[in-house]
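Visitor: take this sequence and fold it.
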Amino acid sequence: MFISIQAPALTNTLAMTDAAGQSVVFNKSTALVIARKGVLGTALATDNGKAELARADVYPNPVANGDLTLELTHGQKEAATLQVFNSVGARVAEQSAVLSQGVNTLKVPVSKLRGGHYNLVIKTATTTTTRPFIKQ
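Guide: Next up, the predicted model:
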């Protein structure tokens with residue numbers, strides 16, 4: 001998620017590019033911009049400089065038992081690692097997968113996880129993508 005808060009100031013008239021690539025000119029008033037990465041288009045840069053997957057959805061969210069479904073679009077056949085991290089950053093699960101070009105649907109077992117907030121990290125040689133989910 002992208003969040004930007006600009007406070008009122010006489011100098012707050014700078015033209016900026018927003019998260020969707022549109023030009024925005026601040027007008028000396030407070031501005032709050034919130035955007036989900038999922039609606040911003042294709043590949044985005046992450047902190048590590050790797051591109052993100054163009055589309056990666058997890059459902060159901062929240063998930064009660066059984067499997068979390070990961071549906072993603074990828075541009076090529078490539079090995080991937082799926083890692084689940086808990087709210088304090090400890091890795092609690094990991095599995096390998098081979099992604100094909102196009103739409104991929106993968107199952108991530110979560111029945112052994114305790115209830116709480118988690119992050120699913122999908123890593124390939126060319127991308128790193130994180131999707132949050134809740135285990136009930």
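
Visitor: domain assignment for the protein?
Guide: 2-38, 42-135 (automatic domain parsing).

Visitor: which one of those domains has the lowest average pLDDT?
Guide: Mean pLDDT per stretch puts domain 2-38 lowest among the domains of the chain, at a mean of 65.

Visitor: surely L72 and G102 touch.
Guide: No - using Cβ atoms under 8 Å, L72 is not in contact with G102, being 9.9 Å away. All C-beta spots, glycine's among them, are computed from the backbone N, C-alpha and C.

Visitor: quick one, which of these two is more surrounded?
Guide: Using other Cβ atoms under 10 Å as the criterion, L72 and G102 rank with L72 on top: 22 against 11.

Visitor: check which helix or strand covers the more buried one.
Guide: strand 67-74 (DSSP states H and E).

Visitor: strands paired with that strand, and their directions?
Guide: strand 55-59 (antiparallel), strand 102-109 (antiparallel) (DSSP bridges).

Visitor: list the contacts of the nearest residue to S87 once chain neighbours are set aside.
Guide: Spatial nearest neighbour of S87, chain neighbours left out: H117 (4.8 Å); criterion: Cβ to Cβ, 6 or more residues apart in numbering. By Cβ atoms under 8 Å, 6 or more residues apart in numbering, the residues touching H117 are 86-87, 132-134.

Visitor: for ChimeraX, write the select line for the buried members of these.
Guide: A single ChimeraX command selects the buried members of the contacts of H117 (16 or more other Cβ atoms under 10 Å):
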select :86,133
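
Visitor: sitting in strands, which of the contacts of H117 do you find?
Guide: Members of the contacts of H117 lying in strands (criterion: DSSP state E): 132-134.

Visitor: could you redo those residues as JSON lines and give each row distance to V110?
Guide: Below are the ones in strands among the contacts of H117 laid out as JSON lines (distance: Cβ to Cβ, whole Å):
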{"residue": "P132", "distance to V110": "13"}
{"residue": "F133", "distance to V110": "8"}
{"residue": "I134", "distance to V110": "10"}
